[in-house]
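>>> predicted coordinates and the sequence they were generated for:
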Amino acid sequence: MTDMRNVQAEAVGTTQVAARPTIQVVPLKGLPIVAAVVVFVIAAIAGNWLWALTFCHVVGGALWTAIDLFVGLIVGPILGRLSLPARAEFTARFMPKMVLLMPTLVLMTLAAGFQLALKVGNLSPASPNHSWLVVSYCVVGVMAVIALGVLEPANIAVLFEMRKPEPDGAVIATLMRRFVLTAGMTGVMQVATLIIMTRVATQ
Amino acid sequence: MSAGPAARAAPAISRRFPPVAELTTVSLALVVVGGILMASYAPRRPPLGVPAALAVAGAVLLLASGYLLARVRPFAWERFFLVFRWALLAYVISAGMIGFAFVKDHIRGAPLALVLVMLLIYALDVPLVIAFTVARYSSPAGHAGSLSDVSRRA
């Protein structure tokens, strides 16, 4: 009886899989771009190359901040009001990109930023920016714990759930709620980062 | 811990697990705080007492969550290790890059050793919490459909 149910479930599942977009948890096409970014950041740090460090920090930070704000405050609430099939289709196409994009941007921003601060003397206790940087470490630290401990696991778990022949809607809804909530929290914290970084750049 | 066919079935969402993700996230938070304390002294040599205590506490919590996880039956271990090893690769690269920056900036001796220990904890914490979150909603090999609630003892 159980075997028969499984066979039926598999048959139904096959049809469902064919109808749904294929989900790749890690988009393999993006890996060479990530590798190139990592190599570029390492080269910038190794060479203590001012332009490259500034580029990595500013571009990475701007994208990280903008994406966090946009996803948390604009996309998240819209996603919550979509129909279930529309939400599932959007999630299937959107989340794999976030798996590669966000960790790469975070790594690029933080690694280049620390080296840049050291190079231009902002880390020195005598610098007027020192205390602002320590505050930014705290903000980034909270965001890192939320992102790495809650947001990213939820992101990846949603993708694995959606790859199943019969995804559990309740699991996806719970994880997506967690994803959108934490993206909103980090988005709001990014406002603090914007204030701190514009202070640092103008002192 | 019975997992027999007569065990009470529960959907994946309502299965309860030991606080593996919570302990691992607190462990991560402790090493992040330790890292912030050390970074706030850069480029000077930081006092190591508090960061070392935070690293030890982080390691203890990581071990505790590993111990609790190892006792979970049934569990989608195959899925867990699949995700864990790829996430580990990604976070070892990430930790390696941060470690490289510290070495490049002439951090040496005990501060470097402490940073490396913290990075090791970080590189294990994140894959553990990701793999656990994925595997907790997956069916263990040989199971189909609902699973027994592992939080309820037979």
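Done, it's in. Numbers count the residues shown, from 1 in each chain, chains lettered A, B, ... in the order given.

>>> contacting residues around the most centrally placed residue in chain B?
With the centre of chain B defined as its mean C-alpha position, the nearest residue by Cα atoms, centre = their mean is B:Asp125, 2.6 Å away. By Cβ atoms under 8 Å, 6 or more residues apart in numbering or on different chains, the contact list for B:Asp125 reads A:148-149, B:24-25, B:27-28, B:31, B:58, B:62. C-beta coordinates here come from the backbone N, C-alpha and C atoms, glycine included.

>>> can you check the pLDDT for residue 16?
Using chain A. What the model reports as pLDDT for A:Gln16 is 45.

>>> can you look at chain B instead?
Looking at B:Arg16, its pLDDT stands at 85.

>>> now it: how far from A:Phe160?
20 Å (Cβ to Cβ, to the nearest Å).

>>> quick one: which of these two has more around it?
For B:Arg16 against A:Phe160, the residue with the higher neighbour count under other Cβ atoms under 10 Å in any protein chain shown is A:Phe160, and the figures read 22 against 11.

>>> okay, and that one sits in which element?
Taking DSSP states H and E as the definition, A:Phe160 sits inside helix A:152-163.

>>> point out where chain A drops to low pLDDT.
Using pLDDT under 70 as the threshold, the predicted model of chain A has low-confidence ranges A:1-21.

>>> so which residues of it form helices?
For chain A, the helices defined by DSSP state H cover A:2-19, A:31-47, A:50-70, A:76-81, A:84-120, A:130-146, A:152-163, A:169-202.

>>> A:Val150 contacts A:Val180, correct?
No - shown here, A:Val150 and A:Val180 do not form a contact pair, counting by Cβ atoms under 8 Å, at 11.5 Å.

>>> mind checking which of the contacts of B:Asp125 land in helices?
When the contacts of B:Asp125 are checked against helices (DSSP H), the matches are B:24-25, B:27-28, B:31, B:58, B:62.

>>> just give the nearest non-adjacent residue to B:Val129, would you?
When the adjacent residues along the chain are set aside, B:Val129 lies closest to B:Thr24, with 4.5 Å between them (Cβ to Cβ, 6 or more residues apart in numbering or on different chains).

>>> how close does that neighbour sit to B:Leu114?
Here the distance between B:Thr24 and B:Leu114 works out to 20 Å (Cβ to Cβ).

>>> between those two, which has more neighbouring residues?
Shown here are B:Thr24 and B:Leu114; by other Cβ under 10 Å, B:Thr24 has more neighbours (31 against 20).

>>> confidence score at that one?
In the prediction, the pLDDT value recorded for B:Thr24 is 96.

>>> report the contact partners of it.
Neighbouring residues of B:Thr24 by Cβ under 8 Å, 6+ apart: A:149, B:61-62, B:65, B:125, B:128-129, B:132.

>>> how about these, which pair is most distant?
B:Leu61 and B:Phe132 (13.7 Å; Cβ to Cβ).

>>> for chain A, which residues are neighbours of chain B?
Taking Cβ under 8 Å from any Cβ of the partner chain as the measure of proximity, chain A contacts chain B at A:2, A:5-6, A:9, A:26, A:38, A:41-42, A:45-46, A:103, A:107, A:111, A:114-115, A:118, A:123-125, A:134, A:137-138, A:141, A:144-145, A:148-150, A:152-154, A:156-157, A:160-161, A:168, A:170-171, A:174-175.

>>> just the buried residues of those residues.
When neighbours are counted using 16 or more other Cβ atoms under 10 Å in any protein chain shown, the residues of chain A next to chain B contain these buried positions: A:26, A:38, A:41-42, A:45, A:103, A:107, A:111, A:114-115, A:118, A:123, A:134, A:137-138, A:141, A:144-145, A:148-150, A:152-154, A:156-157, A:160-161, A:168, A:171, A:174-175.

>>> where's B:Ala113, which helix or strand?
B:Ala113 is part of helix B:109-136, with elements assigned from DSSP H and E.

>>> now the helices for chain B?
Taking DSSP H as the criterion, chain B carries its helices at B:20-41, B:49-70, B:77-104, B:109-136.

>>> list the buried residues in the last one.
This points to helix B:109-136. In helix B:109-136, counting by 16+ other Cβ under 10 Å, buried: B:111, B:114-136.

>>> so that helix versus helix B:20-41, what angle?
Between the axes of helix B:109-136 and helix B:20-41, defined by axes from the mean of the first three to the mean of the last three Cα atoms, to 10 degrees, the angle is 150 degrees.

>>> what angle separates helix B:109-136 from helix A:84-120?
Between helix B:109-136 and helix A:84-120, the angle formed by their directions is 180 degrees, by the same axes, to 10 degrees.

>>> now swap in the first one and tell me
Between the axes of helix B:20-41 and helix A:84-120, defined by the same axes, to 10 degrees, the angle is 20 degrees.

>>> orientation of helix B:20-41 relative to helix A:130-146 in degrees?
Relative orientation of helix B:20-41 versus helix A:130-146 (the same axes, to 10 degrees): 170 degrees.

>>> how close does the residue nearest to B:Leu120 when sequence neighbours are not counted get to chain A?
Leaving aside its chain neighbours, B:Leu120 sits nearest to B:Ala95 (7.2 Å; criterion: Cβ to Cβ, 6+ apart). For B:Ala95, the distance to chain A (Cβ to the nearest Cβ, to the nearest Å) stands at 10 Å.
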